[in-house]
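>>> Just to be clear, the model below is a prediction. Sequence and coordinates:
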Amino acid sequence: MRLNAIWVYLASQPLLWLAVTVGVYWLARQLYLKSHNFALLNPVLVSIAAIVGLLLATDTDYQQYFDGAQFIHFLLGPATVALAVPLIEQIAALKRSLVPITVALLVGALTGIFSTVVLCRLLGVDGHLLLSLLPRSITTPIAMGVSDQIGGSAELTVVFVVITGVLGGAFGVPLLGRLARKDPIASGFALGITSHGIGTARAFEYSQQAGAFAGLGMGLNGALTAALIPLVVWALGL
């Protein structure tokens, strides 16, 4: 009874869930490092699973959790913008690679959209679920806004974004290591386009230059895909 009363008191404090989120992520990060960066133990994925389990175990409403931890949500935007800082050191390399980067961006954005449409049609997925899947290859804040705009579910889109990022980080790094072993620009940019934030974090583990171009790919692909998806939805009558 006393423990229950303590929990009720703590749960009413606005900083509890912020502290829980930070603590869970720190533990997940330690597990990730202990596993020698095993991609399927990505700290974001493990943290989500752990916090969902904790919310279910304590019968805590999601809105109550979000009200306490929303400061992290606020920092997501500035953290994304801060990825431009390491890119400043790569201006010379960016100028040299401007043409291939532009081509890769267009191909990557269009492939991400139309591969989703084709696979969904082949699997018989349509309507609300398809619209929620379309923004899966762009970073979470943009993906949620796009999903709402086209009639999808922002909550479902977040799940698909995380899954895409984790799978991209798990299989993209080894694959790109074989295809572009001596080109961190190509590897990083590809990871940023296909796997957004999680892929960018993995790219920084590869090298500083790869991480910088992954951040660039994530930002550019987010902007371009956000502009293209409503046009595709309208053109295909989705």
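Cool, got the structure.
>>> Show me this structure divided up by domain.
Structural domains annotated on the chain: 2-81, 84-236, as defined by automatic domain parsing.
>>> Buried residues in the helix of greatest length in the chain, which are they?
Ranked by residue count, the top helix of the chain under DSSP state H comes out as helix 208-236. By neighbour count, and taking 16 or more other CB atoms under 10 Å as the criterion, the buried residues in helix 208-236 are 209-222, 224-226, 228-229, 232-233. All C-beta atoms are positioned from the backbone trio N, CA, C, and that covers glycine.
>>> Likewise for stretch 106-117?
Residues of stretch 106-117 classed as buried: 108, 109, 112, 113, 116, 117 (neighbour count, 16+ other CB under 10 Å).
>>> Of those residues, which belong to helices?
Reading helices off the buried residues of stretch 106-117 with DSSP H, I get 108, 109, 112, 113, 116, 117.
>>> so can I have a markdown table of those showing distance to residue 162 and pLDDT?
Listed next are those as a markdown table, based on distance: CB to CB, whole Å; pLDDT from 0 to 100:
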| residue | distance to residue 162 | pLDDT |
| --- | --- | --- |
| 108 | 19 | 88 |
| 109 | 20 | 90 |
| 112 | 16 | 88 |
| 113 | 19 | 89 |
| 116 | 16 | 89 |
| 117 | 21 | 89 |
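>>> Check which helices and strands the host helix or strand of residue 201 sits against.
Under the criterion of DSSP states H and E, residue 201 resides in helix 184-206. In terms of contact count using 3 or more CB pairs under 8 Å, 6 or more residues apart in numbering; DSSP states H and E, helix 184-206 is assigned the packing partners helix 98-122, helix 154-167, helix 173-179, helix 208-236.
>>> Next secondary structure after the first one?
It stands for helix 98-122. For helix 98-122, the succeeding helix or strand toward the C-terminus, using DSSP H and E, is helix 127-133.
>>> Need the contact partners of that following helix.
The list of residues contacting helix 127-133 from outside it, by CB atoms under 8 Å, 6 or more residues apart in numbering, reads 116-117, 120, 125, 147, 150-153, 156-157, 160, 233, 238.
>>> Flag whichever of those scores worst on pLDDT.
Ranked by pLDDT, the contacts of helix 127-133 bottom out at residue 238, which scores 70.
>>> so what's the residue most central in space within the chain closest to, chain neighbours aside?
In the chain, the C-alpha closest to the average C-alpha coordinate belongs to residue 197, at a distance of 4.3 Å (CA atoms, centre = their mean). Nearest in space to residue 197, with sequence neighbours left out and distances taken as CB to CB, 6 or more residues apart in numbering, is residue 139 at 5.4 Å.
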